[in-house]
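Q: This is a predicted model, with the sequence first.
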Amino acid sequence: MLEHIEARLPGWLEASRKRAAEGQVAAYIPELAKAPQDALGITVIGPSGETVSAGDPNMRFTLQSISKVFTLLLAFIDNGEEAVFSKVGMEPTGDDFNSMLKLELVEPGKPFNPLINAGAIAVTSLIHGDTPAEKTARILQFFRTAAADPALTYNENVYRSESATAHRNRSLAYFLKDNEVLGEEVDVEEVLDVYFKHCSVDVHVGHLARMALVLAFNGRDPVTGQALIPRRYVQIAKSFMLTCGMYNASGEFAIRAGIPAKSGVSGGILALVPGQYGIGVIGPALGRKGNSTAGVHLLETMSEAFDWSMF
Ligand SMILES: NC(=O)CC[C@H](N)C(=O)O
């Protein structure tokens with residue numbers, strides 16, 4: 001069923017790989033700087049589990065900001081819509097993903113959306129569990145179910161590297177505490193620890209594709225038939241992916257590709273074609289706004305060729 005993609009994918013992939021030269025591998029988390037600049041891999045999964053891959057689909061990388069979509073979904077499941085939106089807004093920022101500008105500029109200092117770092121840290125604080133370890137375990141379990149891999153876990157080296165150098169995220173989190181977005185009962189360092197761990201979950205593009213497939217089918221895994229996430233929450237998550245998933249390049253990606261996607265600073269992109277496919281891409285070299293240059297090019301090429309735009 002994926003033959004039409006399979007036939008053309010290797011050619012497109014090699015053309016997109018050249019775009020890696022325009023980007024740079026993220027270095028602010030030292031462990032991420034080790035990734036190969038011009039790696040590029042993709043996996044596409046259809047509703048009966050049929051799969052097509054090209055390039056470097058076995059390369060391991062960490063979820064980074066892609067995890068934010070799924071912690072948001074778990075926060076909705078744990079707390080409901082109203083409680084989550086009391087902590088984060090619904091709007092794009094136009095600023096970098098780790099910006100703290102609007103937390104001071106715009107009252108009441110609530111993060112604009114759950115996909116920027118400040119918003120994701122606030123969302124992580126809402127995940128249920130008596131201890132940080134229990135919260136991390138619940139998040140991992142949720143990711144494992146969505147990715148259909150019980151072995152999914154975080155990469156200890158990336159976690160340590162991120163935690164040791166996260167001065168900016170610490171500033172954001174303490175700012176949120178002062179703004180009372182993180183409440184009285186919240187221990188900032190504990191929330192950050194859970195956040196670093198869910199950002200460090202180790203995957204390959206097949207995991208992203210499978211997680212995306214669940215979203216493409218509104219929360220029901222079409223391969224197993226299992227209902228995993230309420231449709232309403234998936235609807236909200238996909239809206240955020242479209243408006244904020246590629247940070248302040250989300251408008252451009254919506255115009256050029258027109259599909260919900262979420263990128264991470266490791267170079268991963270989780271994308272989906274509603275009702276059709278889940279897609280995972282990895283290309284570690286990032287453009288100015290933090291998205292994989294080669295990965296974005298590949299998705300835009302495919303969307304144009306197959307008329308995937310939702311609009
Ligand atoms: N853009 C990203 O992927 C950012 C996630 C990263 N863990 C951070 O907090 O900085």
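A: Yes, it's here. Because the structure is a prediction, the values reported are computed rather than measured.
Q: Can you get me the start-to-end distance on stretch 32-42?
A: Stretch 32-42 has an end-to-end distance of 19 Å (Cα to Cα, to the nearest Å).
Q: buried set for that stretch?
A: Residues of stretch 32-42 classed as buried by neighbour count (16 or more other Cβ atoms under 10 Å): 32, 35, 38-42. Placement of C-beta: from N, CA and C, glycine included.
Q: Extract the C-alpha set from the helix or strand of the chain with the lowest mean pLDDT and format it as CSV.
A: Within the chain, no helix or strand scores below helix 101-105, which has a mean of 88 by mean pLDDT, DSSP states H and E. What follows is helix 101-105 as a C-alpha-only set of coordinates in CSV (Å, rounded to 0.1, in the frame of the first residue of the first chain):
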residue,chain,number,x,y,z
LEU,A,101,10.6,37.3,27.1
LYS,A,102,6.8,37.0,27.3
LEU,A,103,6.8,35.5,30.8
GLU,A,104,7.6,39.0,32.1
LEU,A,105,6.1,41.1,29.4
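Q: Could you check the following helix or strand past that helix against the ligand for contacts?
A: Going down the chain from helix 101-105, the next helix or strand is helix 117-124, by DSSP states H and E. Yes: counting by Cβ under 6 Å from any ligand atom, contacts between helix 117-124 and the ligand involve Asn117.
Q: Quick one: mean pLDDT for the helix or strand that comes right after helix 117-124?
A: As assigned by DSSP H and E, the chain's next helix or strand after helix 117-124 is helix 132-147. Confidence for helix 132-147, expressed as mean pLDDT, is 98.
Q: Helix 132-147 vs the ligand: in contact?
A: No: using Cβ under 6 Å from any ligand atom, helix 132-147 stays clear of the ligand, with a minimum separation of 13.8 Å.
Q: Which element is encountered next along the chain beyond that helix?
A: helix 156-165.
Q: so who does Pro150 touch?
A: If a contact means Cβ atoms under 8 Å, 6 or more residues apart in numbering, then Pro150 has Arg144 as its contacts.
Q: repeat that with 10 Å
A: By Cβ atoms under 10 Å, 6 or more residues apart in numbering, Pro150 lies in contact with 140-141, 144.
Q: For Phe217, see how far away it is.
A: In this structure, Pro150 and Phe217 are 21 Å apart, going by Cβ to Cβ, to the nearest Å.
Q: Pull out the buried residues from the least confident helix or strand of the chain.
A: Buried residues in helix 101-105, counting neighbours by 16+ other Cβ under 10 Å, are found at 102-103.
Q: give me the number of residues near the residue of the stretch 201-311 of the chain found nearest the ligand?
A: Going by Cβ to the nearest ligand atom, the ligand is nearest to Val265 of the stretch 201-311 of the chain, at 3.3 Å. For Val265, the tally of surrounding residues (other Cβ atoms under 10 Å) stands at 25.
Q: cool, the one 4 residues further on as well?
A: The burial metric for Ile269, expressed as a neighbour count using other Cβ under 10 Å, is 28.
Q: thinking it is in contact with Ala249, fair?
A: No: between Ile269 and Ala249 there is no contact under Cβ atoms under 10 Å: 11.5 Å.
Q: Perfect, I'm done here.
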